[in-house]
Structure formats: C-alpha cells, structure tokens
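*Asks:* The sequence and its predicted three-dimensional model are supplied below.
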Amino acid sequence: MLPKWFPGKLAVLTFLLCSASALRAQAVSPADWGAPDVSVSHTNGEWTIAGKTNVVTLNDSDLALRIQNGSVTWSMVPSGTRDMQVKSGGDEFYERLADAREISIVPYNTGFKSGVKIRLNDWSRGLFHKPLDLPFYLTICLDGRNEELVCTAVADEQHGAVVRQLDWPTALDANDVDYTVLSNGRGNLLPRDWPKEYFPIRRNTSGGKIDPADHSMLQSHVIEDWSMSWWGFEKGKSAMMVICETPDDAAYQFSHPAGGPTVIGPRWLATLGKFGYMRSTRFCFFEEGNYVTLAKRYRRYAMDTGLFVSLKEKIARTPVLADLIGVPQTRVGILHNQKKDSDRYSPTNHYELFTFDQRAEQLRQLKARGIDHVLVFISGWAHLGYDRQHPDALPPPEAAGGWDGMKRLADTCHELGYPYIFHDQYRDYYVDAPSYDPQFAIHEEDTSLPPIAFAGSRFGDSKEGQIPFMRHWDGGKQSYLNSRFQPGHLRKNYQLMFDHGIHPDGIYIDVIGYVPPDEDFNPEHPTSRTDAMHGQEELLNWSRNNLGFTATEAGSDWVVPYADSVNQSGGMGKCIPVPLYNLVYHDAILISYGAARNGGEKNLLLGMLCGGVPEISVMAGETDSKSFELIKQMAALHKRVALQEMTDHEFLDTARNRERSTFADGTTVTVDWNADSVTVNPPLENQ
C-alpha cells in the first residue's frame, strides 16, 4: 500500500522532470545570444582561438602569435629580451615576457569576446637578486562578428616593482609585407624596401641618414608620429591594421634601415612613472583591402568612440562656422622682433613691423580685388612681437598702434565682412614673460640629459634641474607651461581684449594639435598626458563658447571633437603620401592649404585633391594669376564638398604622377603632377 503523500510527491517529481526536459529543449547556443562563435583549445604546445574567419595561434614557449585570416597569414615575432622595461629597488632593466617562471594560460570569455588569459610572474634576476614579483595579465581574444583580435595588458604594481615600458603585442614579422601604412603627417605608404633610412619624427640629413642631433622620441599625439592612433600593412591584395585603443600613453617600436624591412609594433609608455592602467590594442584583418580600407575602418572606430564630430554637428553648435565653408584664409602679421638669444636671430633681418592700420588698408585692397569673403588670422600682435612673452602677450605693440590700432583693424575686418581671429599660444612659456615662474613649467621625471620635451629635442635644448628649455623660436629662451595653468591665461587675455571693445570671431591656438601633451612630475601639481589633454580641451571649449570659431595646428585626432579647423603643417609625408587623414576626417574639420607654405602652387593642387580650404596672401599683388584662379577654384570646390566624406583615393599610373580623390556626392578631383593641372568632375560653376 502506497503512503498517502505519494501521489503529491509523484506529481512534483513529474513536474520537475518535465521542466528539466523543457529547459534542455529551450537551451540556446552562444551564437543565439550574440556571443562570437569562437572555440578555444590547447594541443602540442599551442593554444588555438578559432572563429569562423580568423584563427589565432599562441605558442606556449615563446608567446609568438600567428593569425590566419582566410587564405592570408600574419605572424608576429616571438617574445624578445627587451619586451618589458621594469624599475625595482632603484634599478631599471629589461625582461623577456616568456622568461617568467610562472606562466598560466587559461580560456577567457567575456560574453562578447573569447580567447585566453595569460598570467605571468616571477622573473629570475640572477644569484644576487630576489625574483621579480610583478604579476602581469595579458588577454588575447577574438571580438565581435568581424572577429577582430583584441589584446590587453595590465600590471599588478603593488609589490614594489613598476613597468616603465612594454613592447607587446610584439612587432609584425614584416619580411613579406609590401607596404607599411603610417598615419604620421597626413599619411604615408612606406615600401618594405624603401632605399633611405626612415624614422617618422626625426629629420634626415642631406645624405639620407637620420640626423644624429635629433633625439625626438616616438610618442602619442604628435602629428609627425601619428595624426591618428593606428598603422597598418598591405600584403598583396590583403591588409591589416593596428588600432591603439588606449593611445594617451602609447607609442610604437620602429625601425627602417636603408633598404628595409620595416619593424613596427605597439609600445606602451609609463604614465607618471608606472604602467598604471590596462592598455588595449585592436587588430583588424581584411583578406582584400588597401590603405583606403584601413582608413575607413578607423573612421568607423572614430565615430564609435566619439573622436569623429562632423562639421554638420559643429555648425549646429557654432553657427558662424557655416559662413566659413568655402572661404579663403589669410594671415596678417604685425610685428616680428626676434630676441637676440633666439637661434633664429638675424642681425640684418630680425625686425619687421606692419602697423594695424597698414594691415587694414591691405585688407581693403584684397576686397577690391574681388575677394568678397576671407577669414583673417592676425599674428604678431603681442607687445614685443610674434612668439614673444607668452602667455602674457598683451598689451598690443605701441609701434603698431596699440589698443586703438588693434581696435581699428578689428572694426575694418567687420566693415569688410571679414571675420577675424588671433593667432595665439599657451604652451611655450617664455622666461621673460611678466608672470613667468619656474614652478609652473613642466618638470621632467629627473635631471637626466638630454631633455625629452618636443620640439627642443629637434632644435636644440637644455635643462635646469628637472625643467627642459629651448630657445629656437623668436622669443628666445622658453620652457613649457603646465596645461593646467593655460586656460587661466587664455581667459585673462581675452577678457582684457573685451574690455577694450575687441571681440574676435574665434581663435587659432598654436601647437596644440601638433606636439605631444606634456607630463609634469612636479609633486605640487602632477599632470599625466591625459590630464594635459584635458587642460587643452578646456582652452578650445572656452574659446568656442566665448569667441566662436576654433583652430589649431595640424590636428592629431584627439583635438578633432574640439577644433573646427587645422592647417596643413605636418605635410603629407616623406615617402609615398596618401591622404589617410582626409579619408577619415575630411567632413569633420577644415584643413587649409596655401601657396605660401609647403611647396607653392603644388600645395594648392594638393588642397584641390583633398578638398581643402585655400589660403591667400593679404598682399593682393603677391598672388600670380594662375595661383589666384586655383584659389578661387578651391574655394568653390570646398563649398561643394566640405560636408561630404572623402570616399576614395587612388593612383592612376604606376609612377604615381596622377591621382584621384572621390567624395560622397560623386565629385572626383584628378591631379596630374607632371602637368601641374587639376580636373574636377562634374565641373565647378561660378568660381
């Protein structure tokens, strides 16, 4: 006889069994809930991370990576003796990652990327040293449906040792690469067998060698290192790229001896002396693609991360920008007055003065020549002249007309319908500035030589204690102002201008987009590179809100969200120029090109190819008729395509004498460098 409770218990048991069966029937695969279809396995000393398109292989013993993208293989060199620079107990030395005596590799899955996690620790330092206790964590994963390879690195620096530099992932084995794609300047293709020595930021001698006097270092956010935080490779019909997702304290390993090959790979720099935070690198693979493909992938990345802010969006926040589309730019200098201790000082040509009234008359003559609209950049308005006594540039020079003369020039600009802005500067910190105080100059980490601050590393520098100095520019001896203190000087100067009835339509803040953000090790106001960028973002944000149009020099892509315009300084490159920057950012920022800089008339042709803004001399008689027509043509082209994406670029012959750019509205611009000619299709009207 069954117990009285049996039927109820039986019903519950039956329900549970049925529910379990139903749950099994409802089980879904990872792909059903959006996870990448990636498997991870280990056999014969290798880990394999296998997706549908890409297969990544990690060697246990030397940590070498190999990626199979369809039919194409990309390999990275094994772990090397200088992978990691470490500081411990007052000593600095290098370690090979693969030499860690504790190596643990396990599967790793976040739900959206899948691969392996590596824990490294305990590097033996020899008989008279304790083993290095520095836990290091690396992840190697395929991410998302496109199965891009994402690698992260972070150090546990709580045990006395810190990481000063890391070269990981290692450099690509580039022996079979055709071209390295570099985003330094506006963009370069560097052939594997390029016959000259090449180093992105260092100058070459007339003999084609790297200048031994130039000790400039590769580092993030320097226009000559990278205008955008990526580089890539072309191999046959295939391409791949490396995106530094944490670029503020990044660089890259680099070597290109005469005849090649090129060696390049990620390099992570310390922030205020230690590794500090997780670093991330993304590798994107294209079985068929080229430099245009890579630029377009970075454009999408820039949009996804907020680096890309379109001109349409900028016009919505700063309406005056709409009136500057297709408008030429001109530069008027007031006073050049080189200081005797400047490297540029010329005993016979160190002083040149144009009064504010003389410049006003030249603008009237420009208007009479038929230039109805122009944006006026006013430079050399500082009390002692161009590049003198920053950040305390005011009052205006009395010899040029003082405050009253400056006001008359400003009023003339507006009478002519010419908006005007001042060429200004807040990084260079001159020792004869009235408010100069060395405590506000950046302090390098120690007193070692040579200094590392750019651009003294190129032009000649010195150091007093921890403070770097240079004296190349017109103003003579200078250091570099900590960016935390730059916005206060900006507000001080422009509030004084407002007091005198001078209200410019914007500002050009020199060097921000060209040179690297500065670290400062002064313990009273320690400043990381990221902190430094925030200070300079504040400069641009205040200027946009209180002045209007914002411009800076060259424009590494971290400034793109904050600036409306950059100039073309930094050039197109020293090997095979390609417009990578324009392919990414053409419709996000105005770029100006003029005959007076970087190659004369050919620079105007380059401006046509890139759909840029023309620059014109304020001296109406200085522009020849052919250049004048090119300027008018470029202005008309810019009015048509400024808000259009540059969708393509191509060379039309093997000698690269003819090239063509294409814009989203279908406009094509073809430049023939041999004939010094340009063709726009459809043709421009009403130039």
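*Replies:* Perfect, thanks for sending it.

*Asks:* which residues of the chain score low on pLDDT?
*Replies:* 1-26, 126-128, 569-572, 596-599, 620, 686-687 (pLDDT under 70).

*Asks:* in it, which spans are helices?
*Replies:* 6-26, 291-305, 311-317, 356-368, 402-415, 456-459, 486-499, 529-546, 580-585, 601-609, 625-641 (DSSP state H).

*Asks:* of the ones you listed, which approaches D432 most closely?
*Replies:* When the helices of the chain are compared by C-beta to C-beta, helix 486-499 sits nearest D432, at 15.3 Å. (Glycine included, C-beta is placed from N, CA and C.)

*Asks:* now for the closest one, which elements pack on it?
*Replies:* helix 529-546 (3 or more C-beta pairs under 8 Å, 6 or more residues apart in numbering; DSSP states H and E).

*Asks:* then the helix it packs on to CSV, C-alphas only?
*Replies:* The C-alpha coordinates for helix 529-546 follow below in CSV (Å, rounded to 0.1, in the frame of the first residue of the first chain):
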residue,chain,number,x,y,z
ARG,A,529,49.4,63.2,-20.5
THR,A,530,45.7,62.6,-20.2
ASP,A,531,45.4,65.5,-17.7
ALA,A,532,47.4,67.7,-20.1
MET,A,533,44.9,67.0,-22.9
HIS,A,534,42.0,67.9,-20.6
GLY,A,535,43.7,71.3,-20.0
GLN,A,536,44.0,72.0,-23.7
GLU,A,537,40.4,70.7,-24.3
GLU,A,538,39.4,73.4,-21.8
LEU,A,539,41.2,76.0,-23.9
LEU,A,540,39.2,75.0,-27.0
ASN,A,541,35.9,74.6,-25.2
TRP,A,542,36.2,78.1,-23.6
SER,A,543,37.2,79.6,-26.9
ARG,A,544,34.3,78.1,-28.8
ASN,A,545,31.8,79.2,-26.1
ASN,A,546,33.2,82.7,-25.7
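
*Asks:* how far does that helix sit from the chain's center?
*Replies:* Put simply, helix 529-546 sits 16 Å off its chain's centre (C-alpha atoms, centre = their mean, to the nearest Å).

*Asks:* Buried residues in that helix, which are they?
*Replies:* 529-533, 535-540, 542-544 (16 or more other C-beta atoms under 10 Å).

*Asks:* closest to L481 among the residues you listed?
*Replies:* So of the buried residues of helix 529-546, ranked by how close each gets to L481 (C-beta to C-beta), first place is G535, at 9.6 Å.

*Asks:* Excluding chain neighbours, what is closest to the closest one?
*Replies:* Nearest residue to G535 in three dimensions, chain neighbours excluded: S483, at 3.2 Å (C-beta to C-beta, 6 or more residues apart in numbering).

*Asks:* likewise H525?
*Replies:* R484 (5.8 Å).

*Asks:* I'd say the one you found and Q536 touch.
*Replies:* No - in terms of C-beta atoms under 8 Å, R484 does not count as a neighbour of Q536; the distance is 10.1 Å.

*Asks:* Might one say that I325 is in contact with L643?
*Replies:* Yes - taking C-beta under 8 Å as the definition, I325 is a contact partner of L643 at 7.4 Å.

*Asks:* what about stretch 551-558, start to end distance?
*Replies:* Counting by C-alpha to C-alpha, to the nearest Å, you get 13 Å between the two ends of stretch 551-558.

*Asks:* From here on, call the first residue 336.
*Replies:* Understood, numbering begins at 336; the last thing we discussed is stretch 886-893.

*Asks:* what about it, distance to the chain center?
*Replies:* Per C-alpha atoms, centre = their mean, the centroid offset for stretch 886-893 relative to its chain is 8 Å.
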